[in-house]
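S.K.: got a sequence here, can you model it:
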Amino acid sequence: MQKTIYDTAVIGAGASGLMAAITASRLGASVLLLEHMEQAAKKIPATGNGKCNYTNADQSLQNYYCEQQDFIRTVFAQFSYEDTIRFFEQLGIRPMQKNGTCIYPESEQASSVRSVLLAEIQRLHISLLLSVGIRSIHKLHSKNITGISNLNNHEELFEIQTKDGTFYSRTCILASGGKAAKKTGSDGSGYIYAKQLGHTISKPLPALAALLTDHTDRKLPAGVRISCAAALYVEGEQKASEYGELQITDYGISGIVIFQFSRIASKALEEKQKVFVRLDFKPDMQAAELFKYLTRRFSSVYHRQQKVSDGMIGFLPDKLIPVLLNQSGIRTEEVCSRLNRKQIGQLTKQLKQYEVIITGIKGFDFAQVTAGGIPVQEIHAQRMESKKTPGLYFAGEIVDVDGKCGGYNLQWAWSSGYTAGKSCVSK
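M.R.: Residues are numbered from 1 along each chain as shown. Next up, the predicted model:
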């Protein structure tokens, strides 16, 4: 039986894989798209709380984590945020900007993004195979391949062995994701294929995830949501700061304000460094201003005869009040008017600088993205092509590039997928 040779085989039908396959096909390549899950793009419907924040108008490189910032800049020069908007508009997705610079589909349904991508795959007659169990990927010289005629004696092909058969392609794009959210398909299998093809792997770690805290003597009350400022410290040095909604859980702290720097915490914890988060529950007030406000509040005719716990109602979430009072050394039954300057000063400090010791990070099953993967030093940024195995390309989360919340990781998927798809055809 004559075996088909594809111009390119794309491993992984997630966001970056779909973009790579579409781009290569539009440029005339015959494309084989292999996905080990029973559905393509399972992760997309879960993005943006089901609304799919598919890019962001603020493309400052400070929103991305990468060992070489020029690497990201070079890739984005191939396919920009504006190109993403145009690409999806052609497919029927009109952009809607909200929450500042975040871009969503007008339908506010993540399923819309997935649907138009799959419709384009179908329109282009791209061979999409689902539930494919890949066993190995190797690059072989034509003389070592049997059953294929009209091969150039000097040609090399990628041989993709699966449980259902063997496939061959002139180029290969690894877009198989990382290890975050395994139920959507990211099981780390792409790292195995990359190693088979000569690459090293920077240890994958969970990112955009909640942090675990030391509850020994500073247990915050679970179920509280509050807007605050948070600063991350590693070995006593501030490494990042963010503002947003904090969610307090029974295991630690979560919410976008924490997710944004969880990658830094994850790396530091892996290196056995001491990590803590300093929370500012009243970021809109300077410490001196807050001290004066509390002094006036406790001495006012409305609160002076109340217990301190009652006098704080309306200023903080109810569950948080006794915790902060306890850390300030103030009894909840203490009468407001009896508080002295030292006590109010301690309360002010707790409100502005509440420190939480970080002991770990929620695992890959709860993470939104992976930090680590194929080192960018092993990839040609201009083409997303391997420096170790010519004809091998990378796209998306498998590369050691990740972004903050806000559509940045999807923009990386679109840009890297496009670059790989274009480059494998123009090779």
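S.K.: what are the buried residues along stretch 32-42?
M.R.: Residues 32, 33, 34, 35, 36, 37, 40, 41, 42 are the ones in stretch 32-42 that count as buried (16 or more other C-beta atoms under 10 Å). The C-beta positions use only the backbone N, C-alpha and C, and glycine is treated the same way.
S.K.: burial count for the closest residue to the fifth one other than its chain neighbours?
M.R.: The shortest distance from residue 36 to any residue other than its chain neighbours is 5.6 Å, reached at residue 132 (C-beta to C-beta, 6 or more residues apart in numbering). By the measure other C-beta atoms under 10 Å, the count of residues near residue 132 is 20.
S.K.: helix/strand/coil for residue 132?
M.R.: coil (DSSP: H, G, I helix; E, B strand; the rest coil).
S.K.: and if you look at residue 266?
M.R.: helix.
S.K.: in the protein, where is pLDDT below threshold?
M.R.: Counting by pLDDT under 70, the ranges of the chain that qualify are 1-2, 147-153, 216-218, 427.
S.K.: list of residues touching the helix or strand harbouring residue 77?
M.R.: Here residue 77, judged by DSSP states H and E, is contained in helix 69-78. Outside helix 69-78, the residues within contact range by C-beta atoms under 8 Å, 6 or more residues apart in numbering are 59, 61, 64, 66, 376, 379, 381-382, 384, 401, 411-412, 415-416, 418-419, 422.
S.K.: among the buried residues of stretch 32-42, which are located in strands?
M.R.: Applying DSSP state E to the buried residues of stretch 32-42, the entries found in strands are 32, 33, 34.
S.K.: partner residues bridging the second one?
M.R.: Note on residue 33: beta-bridge partners by DSSP bridges are residue 10, residue 128.
S.K.: excluding chain neighbours, what is closest to residue 241?
M.R.: residue 231 (4.2 Å).
S.K.: in what helix or strand does that neighbour lie?
M.R.: In the assignment (DSSP H and E), residue 231 maps to strand 225-234.
S.K.: could you spell out the sheet neighbours of that strand, each with its direction?
M.R.: Short version: by DSSP bridges, strand 225-234 pairs with strand 237-248 (antiparallel), strand 275-280 (antiparallel).
S.K.: present those strands as a markdown table; the columns should include distance to residue 185 and mean neighbour count.
M.R.: Formatted as a markdown table, these follow (distance: least, C-beta to C-beta, whole Å; neighbours: other C-beta atoms under 10 Å):
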| stretch | distance to residue 185 | mean neighbour count |
| --- | --- | --- |
| strand 237-248 | 27 | 16 |
| strand 275-280 | 30 | 21 |
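S.K.: any chance of a markdown table for the ones you listed, columns distance to residue 141?
M.R.: What follows is these, written out as a markdown table (distance: least, C-beta to C-beta, whole Å):
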| stretch | distance to residue 141 |
| --- | --- |
| strand 237-248 | 48 |
| strand 275-280 | 50 |
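S.K.: quick one: closest of these to residue 321.
M.R.: strand 237-248 (13.3 Å; C-beta to C-beta).
S.K.: the next helix or strand after the closest one: how far from the chain's middle?
M.R.: Reading on from strand 237-248 to the C-terminus, the next helix or strand found by DSSP H and E is strand 252-254. Taking C-alpha atoms, centre = their mean, to the nearest Å, the mean C-alpha location of strand 252-254 is offset from the chain mean by 17 Å.
S.K.: would you mark the buried spots in strand 252-254?
M.R.: For strand 252-254, burial by neighbour count (16+ other C-beta under 10 Å) applies to 252, 253, 254.
S.K.: stretch 46-56 too?
M.R.: Those would be 47, 48, 51, 52, 53, 54, 55, 56, for stretch 46-56 by 16+ other C-beta under 10 Å.
S.K.: now do the contacts for the spatially most central residue of the chain.
M.R.: In the chain, the residue lying closest to the centroid (C-alpha atoms, centre = their mean) is residue 369, at 3.5 Å. Contacts for residue 369 (C-beta under 8 Å, 6+ apart) come out as 178, 180, 207, 208, 397, 402, 403, 409.
S.K.: check residue 410 too.
M.R.: Residue 410 touches 15, 47, 52, 53, 54, 55, counting by C-beta under 8 Å, 6+ apart.
S.K.: show me where the stretch 51-200 of the chain has its helices.
M.R.: For the stretch 51-200 of the chain, the helices defined by DSSP state H, counting those that start in this stretch occupy 69-78, 81-90, 110-123, 189-196.
S.K.: how about TSV for these, with distance to residue 246 and mean neighbour count added?
M.R.: TSV is the format used below for the helices of the stretch 51-200 of the chain (distance: least, C-beta to C-beta, whole Å; neighbours: other C-beta under 10 Å):
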stretch	distance to residue 246	mean neighbour count
helix 69-78	29	18
helix 81-90	29	16
helix 110-123	25	19
helix 189-196	33	20
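S.K.: quick one: which of those is nearest residue 347?
M.R.: Set against residue 347 and scored by C-beta to C-beta, the helices of the stretch 51-200 of the chain come closest in helix 69-78, at 42.1 Å.
S.K.: where do the helices sit along the stretch 201-350 of the chain?
M.R.: Ranges of helices in the stretch 201-350 of the chain, per DSSP H, counting those that start in this stretch, are 256-259, 262-270, 287-299, 308-311, 320-327, 341-352.
S.K.: coming back round to it: would you mind measuring from the residue nearest to the centre of the chain to residue 61?
M.R.: Using C-beta to C-beta, to the nearest Å, residue 369 is found at 17 Å from residue 61.
S.K.: skip the chain neighbours and tell me the closest residue to residue 79.
M.R.: Nearest one to residue 79, counting by C-beta to C-beta, 6+ apart, is residue 418 at 3.9 Å.
S.K.: so which strand or helix has the one you found?
M.R.: Using DSSP H and E, residue 418 falls in helix 408-426.
S.K.: hang on, the earlier thing: flag every buried residue along the strand holding residue 231.
M.R.: 226, 228, 229, 230, 231, 232, 233, 234.
S.K.: got the angle between that strand and helix 320-327?
M.R.: 40 degrees (axes from the mean of the first three to the mean of the last three C-alpha atoms, to 10 degrees).
S.K.: make residue 1 into 266 and carry on from there
M.R.: I'll keep to 266 as the first residue from here, and by that count the last item is strand 490-499.
S.K.: ok, residue 453 touching residue 444?
M.R.: Yes - if you go by C-beta atoms under 8 Å, residue 453 and residue 444 touch, sitting 4.3 Å apart.
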